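J.: let's see this in three dimensions:
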Amino acid sequence: MEFRELGLSDELLRAVEAQGFTEPTGIQGEAIPRILEGRDVIGSSQTGTGKTAAFGLPVLTRLARHGTLRCLILEPTRELAAQVAEHFRELGQFLDLKGVLIHGGVGYGSQIDALQTGVDYVVATPGRLLDHMGRRAVDLRNLEFLILDEVDRMLDMGFLPDVRKIVNACPSNRQTLLFSATMPPEIRSLANWATRDPYEIFIGQQCSPADTVTHAFFPVATEQRDALLKALLEKTDFHSVMIFTRTKVEADRVTRELKEHGQFRVATLHADIRQRDREKALSGFRDGEFDVIVATDLAARGLDISGVTHVINYRVPENAEDYVHRIGRTGRAQQEGDAFTILAGDEAEFARQIERFIGRSIERRRLEGFDYVYTAMLDEGSAAGRKRLLQLLKKDRPKPRRRRRAR
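T.: Residues are numbered from 1 along each chain as shown. A predicted model of the protein is given here:
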């Protein structure tokens, strides 16, 4: 199938060609014709499969020319909202359409000015949009398209009550498109409430990472975690690396240590960083100014950062689903990628949960030339490991006391 077979306008086909797209992905091939028909759509697929173009291309085709506010796209984070707004600008470059990006962390003035001047679509985060609605700066009466994107992330961040308020403010005769990487019961309930006779699309197993990603656990003693991370970066031929940490404090500390190491150009991305610095980190990573970005799960879902060759989990994610989202930053659009996870002894159960979740075992690797402190994790499951463990247990076992014979 080719894009010209899907019913897109000539202007959108020109934009597709300008973007270098050759043929639609699975979710694009299924969603685009249904959206052009006017059907509500529920779409679920792995990260990196082109969901933004799946709804952006047909919606922009139907908007066609400048008018009133007819399309609202809700995103869970500022970064995702900015990314989708940029995609819409690129896809609509040959159309006479205007859009505005609405999110927190910046002033209200330019957003209100754009809304008053007149826009065809709004890309927004829920909190700031509700603020504008409270100020009566947004008029949703003529809305034709409501797009709820990355809904599982909205659930994780506690935004579903806000989303319901916004949906209630939209016209009932709208077309609703809901996209989510996963479909837990809470999202299924929201989807059933917000949509009418939706066409459902499920591409691939929701718990499966891309087939183009190679996985490896690197067992290590807890006190050597930082040293192994640096050694992995030194010995790996990478183009760009995303390192995921569990906390913002940990992300800052790891960034600091890597900068002190001096070999890598490092940026940080988490929720406590100012908006302009977050944008600088993302754009610098995309443009090659930084080759390493240290992030929390803020960057694990949805962000379109192409060309990431490696993902490194500084710790094993406690939630197996987070593992899939994190490593979805590499191996995108059928490109190959590597996912490395540093594994300490107290994380063994998290590792097993991940293997059960994705339905495969993950190779345990040693880094050649690294001076390991011995840990049983290094030989987990091997005959040599069991033998070594028995030797250690025997060595540490207290010697039995000799009984003295009674005289």
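
J.: span of stretch 12-32 from start to end?
T.: With CA to CA, to the nearest Å as the measure, stretch 12-32 spans 12 Å from end to end.

J.: just stretch 218-237 next, same as before
T.: Using CA to CA, first and last residues of stretch 218-237 are 17 Å apart.

J.: buried residues in it?
T.: For stretch 218-237, burial by neighbour count (16 or more other CB atoms under 10 Å) applies to 218, 219, 220, 221, 224, 225, 226, 228, 229, 231, 232, 233. In this view, the C-beta of every residue, glycine as well, is placed from N, C-alpha and C.

J.: closest one of these to residue 202?
T.: Distances from residue 202 to the buried residues of stretch 218-237, taken as CB to CB, are shortest for residue 218 (33.4 Å).

J.: so the closest one makes contact with residue 343?
T.: Yes - counting by CB atoms under 8 Å, residue 218 touches residue 343, with 6.3 Å between them.

J.: pull up the overlap in contacts between these two.
T.: The overlap between the contact sets of residue 218 and residue 343 (CB atoms under 8 Å, 6 or more residues apart in numbering) consists of residue 364.

J.: what are the ranges of the strands in the stretch 301-407 of the chain?
T.: Counting by DSSP state E, counting those that start in this stretch, one finds strands in the stretch 301-407 of the chain at the ranges 310-313, 337-343.

J.: can I get those strands in a markdown table including mean neighbour count?
T.: As requested, these are exported to a markdown table (neighbours: other CB atoms under 10 Å):
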| stretch | mean neighbour count |
| --- | --- |
| strand 310-313 | 24 |
| strand 337-343 | 24 |
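
J.: just give the closest residue to residue 190, not the sequence neighbours.
T.: Excluding its sequence neighbours, the residue lying closest to residue 190 (CB to CB, 6 or more residues apart in numbering) is residue 160, at 6.3 Å.

J.: which residues are in contact with the one you found?
T.: Counting by CB under 8 Å, 6+ apart, residue 160 touches 154, 186, 190.

J.: element containing the second one?
T.: Spelled out, that is residue 186. Residue 186 belongs to helix 185-194 when elements are defined using DSSP states H and E.

J.: quick one, the helix or strand following that helix and helix 185-194 angle?
T.: Note on helix 185-194: by DSSP H and E, the next helix or strand toward the C-terminus is strand 199-203. Our comparison of strand 199-203 with helix 185-194, counting by axes from the mean of the first three to the mean of the last three CA atoms, to 10 degrees, yields an angle of 150 degrees.

J.: average pLDDT across strand 199-203?
T.: Here the mean pLDDT over strand 199-203 is 88, rounded to a whole number.

J.: elements contacting it?
T.: Contact analysis of strand 199-203 by 3 or more CB pairs under 8 Å, 6 or more residues apart in numbering; DSSP states H and E lists helix 26-37, strand 41-45 as its packing neighbours.

J.: go again with 10 Å.
T.: Counting contacts by 3 or more CB pairs under 10 Å, 6 or more residues apart in numbering; DSSP states H and E, strand 199-203 is packed against helix 26-37, strand 41-45, helix 51-63, strand 175-179.

J.: which of the ones you listed has the lowest average pLDDT?
T.: Of all those, the segment with the smallest mean pLDDT is strand 41-45, scoring a mean of 88.

J.: partner strands of it, with direction?
T.: Strands flanking strand 41-45 in the sheet, each with its direction: strand 175-179 (parallel), strand 199-203 (parallel) (DSSP bridges).

J.: want to throw those strands into CSV with mean neighbour count and distance to residue 96?
T.: What follows is the strands paired with strand 41-45, written out as CSV (neighbours: other CB atoms under 10 Å; distance: least, CB to CB, whole Å):
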stretch, mean neighbour count, distance to residue 96
strand 175-179, 23, 21
strand 199-203, 17, 29
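
J.: indicate which one of those is closest to residue 24.
T.: Closest approach to residue 24 among these is made by strand 199-203 (11.6 Å; CB to CB).

J.: tell me which helix or strand comes right after that closest one.
T.: Of the helices and strands lying after strand 199-203 in sequence (DSSP H and E), the nearest is strand 213-219.

J.: strand 337-343 and that following strand, what's the angle between them?
T.: For strand 213-219 and strand 337-343, the angle between their directions (the same axes, to 10 degrees) works out to 20 degrees.
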